[in-house]
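Engineer: just need the structure, nothing else, for what follows:
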Amino acid sequence: MKIKITNKKKFWVTILLIVLVVQSAFIWISWSRSNTLWQQNNNIVGLYAKTNATTMDVKVYIQAAVKGIYSNQTVTDAVAKKVYIPEANLVLPMNDLSRSLFYHHEDTDSKTKTPVQFSFNTSFSLNRFASTFDQVPCAQRMAGFTINQKDGFITGGHYDGSKTLQDGRTLYFYSNATAGCNAYWGDYNAQAVVNLLKQAQSY
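Structural biologist: Prediction:
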């Protein structure tokens, strides 16, 4: 019997992996604290090397898990100067931000009554390492929207308004409002992503 792996199953498996990785981050924090104590006592070399290795392992695992979620990139038409999100039948104006977007989408679920939803991240964010435990939520998502139904899986985000498209669908926008994330995201923050998504047109 062949088991079909759906996008939703893949998504939740990836989330589980992130949870496991975050748990291992506690080991990193413990090592870091131990390393600080050793440095204060001039006992640096052996434990410091081991701490750095553990830290980098955790960072790589977190980055790999998040990248595994955002496997779709926007499609650029350089001639027409437009950027497409094919799964949503949406087109964005072409600029550095729209070309750098990666996204994950989930179809509607009749059992849980969750709407179609899209989550977005930038290439800059995806290619960074979370330096602290507090930065993990920043790495997971910047912004997103649901279609035709307010609230749903992205309820953890800050509601940022809605837009009705020419084809009759309504997009409900959400941004990651976790404190301290702007420094992690760099030039483009969650609000910049939401502002861009609000310019989307149906096709």
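Engineer: what about the strands in the protein?
Structural biologist: Listed from the start of the chain, the chain has strands (DSSP state E) covering 72-73, 75-77, 82-85, 90-93, 101-106, 116-122, 143-147, 158-164, 170-175, 201-202.
Engineer: most tightly packed of those?
Structural biologist: strand 143-147 (a mean of 26; mean count of other Cβ atoms under 10 Å). Where you see a C-beta, it was placed from the backbone N, CA and C, and this is true even at glycine.
Engineer: report the angle between the axes of that one and strand 101-106?
Structural biologist: Here strand 143-147 runs at 40 degrees with respect to strand 101-106, directions being taken by axes from the mean of the first three to the mean of the last three Cα atoms, to 10 degrees.
Engineer: which strands or helices does strand 143-147 pack on?
Structural biologist: Packed against strand 143-147, as judged by 3 or more Cβ pairs under 8 Å, 6 or more residues apart in numbering; DSSP states H and E, are the following elements: strand 116-122, strand 170-175, helix 190-197.
Engineer: and the contacts of the second one?
Structural biologist: The set of residues external to strand 170-175 that reach it, using Cβ atoms under 8 Å, 6 or more residues apart in numbering, is 142-151, 154-155, 157-165, 190-191, 193-194, 197-198, 200.
Engineer: could the strands of the chain be laid out in a markdown table, adding distance to Tyr184 and mean pLDDT?
Structural biologist: Rendered in a markdown table, the data for those read as follows (distance: least, Cβ to Cβ, whole Å; pLDDT from 0 to 100):
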| stretch | distance to Tyr184 | mean pLDDT |
| --- | --- | --- |
| strand 72-73 | 20 | 96 |
| strand 75-77 | 25 | 97 |
| strand 82-85 | 24 | 98 |
| strand 90-93 | 23 | 98 |
| strand 101-106 | 16 | 94 |
| strand 116-122 | 11 | 94 |
| strand 143-147 | 14 | 94 |
| strand 158-164 | 16 | 94 |
| strand 170-175 | 14 | 95 |
| strand 201-202 | 30 | 98 |
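Engineer: now these in JSON lines, with distance to Trp185?
Structural biologist: Compiled in JSON lines, the strands of the chain are given as follows (distance: least, Cβ to Cβ, whole Å):
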{"stretch": "strand 72-73", "distance to Trp185": "18"}
{"stretch": "strand 75-77", "distance to Trp185": "21"}
{"stretch": "strand 82-85", "distance to Trp185": "19"}
{"stretch": "strand 90-93", "distance to Trp185": "18"}
{"stretch": "strand 101-106", "distance to Trp185": "13"}
{"stretch": "strand 116-122", "distance to Trp185": "7"}
{"stretch": "strand 143-147", "distance to Trp185": "10"}
{"stretch": "strand 158-164", "distance to Trp185": "15"}
{"stretch": "strand 170-175", "distance to Trp185": "11"}
{"stretch": "strand 201-202", "distance to Trp185": "25"}
